[in-house]
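S.K.: Okay, sequence plus prediction incoming.
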Amino acid sequence: MPYDTHHVVGAFIGGIAVTYTIYELSSRLRRSDQQQSHESLAARPQYKLGIESTIGNTPLIVIKSLSEATGCTILAKCEFLNGAGNSPKDRVALSIINRAEEEGLLTPYSGDTIYEGTVGSTGISLATLSRARGYSAHIIMPSDQAHEKSDLLRKLGARVDRVTPAPIVDQSHFVNRARNLAREHTADPDRAGRGLFADQFETDANWKAHFEGTGREIFEQASAEGGGVDAFVAGAGTGGTISGCAMYLRGKLPDIRIVLADPQGSGLYNKVKHGVMFHGLEREGTRRRAQVDTVVEGIGLTRSTKNFEVGSELVDDAVKVTDDQARRMARWLCEKDGIFVGSSSSVNCKFAVYDCFAMLLGILVKYANIWYRLRCGQDSSAVGSRP
């Protein structure tokens, strides 16, 4: 649609306003003998303080094509609009840093370094926020992850070690290596600052970020539209997202279904279904695998974590999504909705569609029972049996 006068004028006025504000601020700072503090700038209602202020309160949108195909309203939380690392890991990284600062474990611009073992997204969020808060970042990641992630981390100023995948019981595992490097940094009197191990898999700062933020936002945004939420679908890498959101949403909506979308090769599906952390590619006595066998990055585990366990009892169901299904859903979303997302998001959307059809089937069975009872005078247990 061509721009009309209002569109052009609106853009023009916006540009002038921004330019004038920047000029006025720079002139005022030049005339000032001392730069105003961050706190005084943040106190002004029209200003937000730093990149951290862009994290959270992401929109909840309707995925049009999937909603039309299923007859259900399928909503997506746009976590790619978090402004630091463009993922839900921004919330976790900020929560970890805030807690460490409150506990005196990090001091800005003192030479402190944040160490973390990650497959990528948390590292990107930590690297960005470390820069913003006056720290260094040292990221250790498995060598089988996309090189684009490590390239981006280096551009953000982080030191990156790509290590050979190993089982969690091995000290060369990327998480264990990060923990050991942080400990060595703190113990070395010749190095500036201290080392902090972010520990995203086990720290309470992870699930609490989603309990206090993501889950609360979903409930408030859905309620503001006059509706509710019947089901919440998420994958699990550390388990913080699904646990934190599940605990908040179940507290507000007792009947909500919490469902786990799990990629092939992960053991979490069987953990939910059968109470055993195991997947079909493993055999008794040979469990030395470090990474799940899938092209999906960021979700799926062959071990449980504290963040998953804290909310695992609230997970009602799980489904296994194959790599092919994830690829097909990613292409569908891009072609039909213009939504370009990665494999973990497409896994969630695939399960959302599956769960919508499952709920619709349940409704049909319920009304079939009612119809049968009214017509035949028999109880609902007779449905499906011969007269």
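M.R.: Received the coordinates, thanks.

S.K.: From now on I want contacts and neighbour counts done on CA atoms only, so please keep to that.
M.R.: Will do.

S.K.: I'd like to know which helix or strand in this structure has the lowest mean pLDDT.
M.R.: helix 5-31 (a mean of 41; mean pLDDT, DSSP states H and E).

S.K.: so where is the stretch 101-250 of the chain shaky, pLDDT-wise?
M.R.: Counting by pLDDT under 70, the stretch 101-250 of the chain shows no low-confidence range.

S.K.: can you pull out the helices in it?
M.R.: Along the stretch 101-250 of the chain, the segments classed as helices by DSSP state H, counting those that start in this stretch run 121-133, 147-155, 174-187, 204-209, 215-224, 240-252.

S.K.: Could you identify the helix or strand that succeeds the last one?
M.R.: So that's helix 240-252. Going down the chain from helix 240-252, the next helix or strand is strand 257-263, by DSSP states H and E.

S.K.: Return the list of helices and strands in contact with that next one.
M.R.: If contacts are counted by 3 or more Cα pairs under 8 Å, 6 or more residues apart in numbering; DSSP states H and E, strand 257-263 sits against strand 231-234, helix 268-274, strand 317-321, helix 343-376.

S.K.: residues in contact with it?
M.R.: Applying Cα atoms under 8 Å, 6 or more residues apart in numbering, the set of residues contacting strand 257-263 from outside is 230-236, 242, 246, 268-269, 294, 296, 299-300, 314-323, 347-348, 351.

S.K.: What of stretch 185-200?
M.R.: 92, 96, 105-106, 110-117, 175, 178-179, 181-184, 206, 238.

S.K.: Drop anything exposed from those.
M.R.: Neighbour-count burial (16 or more other Cα atoms under 10 Å) applied to these gives 92, 96, 106, 112-117, 175, 178-179, 181-183, 206, 238.

S.K.: Identify the bridge partners of residue 62.
M.R.: Residue 62 has these beta-bridge partners by DSSP bridges: residue 75.

S.K.: okay but it is in contact with residue 77, surely?
M.R.: No: with contacts counted by Cα atoms under 8 Å, residue 62 stays clear of residue 77, the gap being 9.1 Å.

S.K.: In terms of neighbours, single out the busier of those two.
M.R.: A count of neighbours by other Cα atoms under 10 Å puts residue 77 above the other of residue 62 and residue 77, at 17 against 13.

S.K.: my guess is the more buried one meets residue 57, correct?
M.R.: No: Residue 77 is beyond contact range of residue 57, at 9.5 Å (criterion: Cα under 8 Å).

S.K.: quick one, strands of the stretch 51-200 of the chain?
M.R.: 60-62, 75-77, 113-117, 136-142, 159-163, 195-197 (DSSP state E, counting those that start in this stretch).

S.K.: For the second one, give me every contacting residue.
M.R.: When contacts are defined by Cα under 8 Å, 6+ apart, strand 75-77 is touched by residues 58-63, 218.

S.K.: let's go with 6 Å and repeat that
M.R.: 60-63 (Cα atoms under 6 Å, 6 or more residues apart in numbering).

S.K.: so what are the domain limits for the protein?
M.R.: Per the record, the chain has its domains at 5-52, 59-77+207-367, 89-197, by automatic domain parsing.

S.K.: quick one: which of these is nearest residue 373?
M.R.: If you check each of the domains of the chain against residue 373 by Cα to Cα, domain 59-77+207-367 wins as the nearest, at 9.8 Å.

S.K.: from the contacts of strand 257-263, which would you call buried?
M.R.: Buried residues within the contacts of strand 257-263, defined by neighbour count using 16+ other Cα under 10 Å: 231-236, 242, 246, 268-269, 296, 299-300, 314-315, 318-323, 347-348, 351.

S.K.: returning to that earlier point: looking at the contacts of strand 75-77, point me to the pair that's furthest apart.
M.R.: That would be 60 and 63, which, of these, are the farthest apart (Cα to Cα) at 9.6 Å.

S.K.: Mind listing the residues bridging to the nearest residue in space to residue 130 that is not next to it in sequence?
M.R.: In space, and not counting its chain neighbours, residue 130 is closest to residue 136: 5.9 Å by Cα to Cα, 6 or more residues apart in numbering. Under DSSP bridges, the beta-bridge partners of residue 136 are residue 113.

S.K.: Make sure residue 136 is actually in contact with residue 113.
M.R.: Yes: when contacts are counted by Cα atoms under 6 Å, residue 136 is listed as touching residue 113 (4.5 Å).

S.K.: just how off-centre is stretch 189-196 within its chain?
M.R.: Here stretch 189-196 is found 31 Å from its chain centre; the criterion is Cα atoms, centre = their mean, to the nearest Å.

S.K.: Give me the buried positions along that stretch.
M.R.: 193-196.

S.K.: end-to-end on that stretch?
M.R.: Length of stretch 189-196, first residue to last, Cα to Cα, to the nearest Å: 15 Å.
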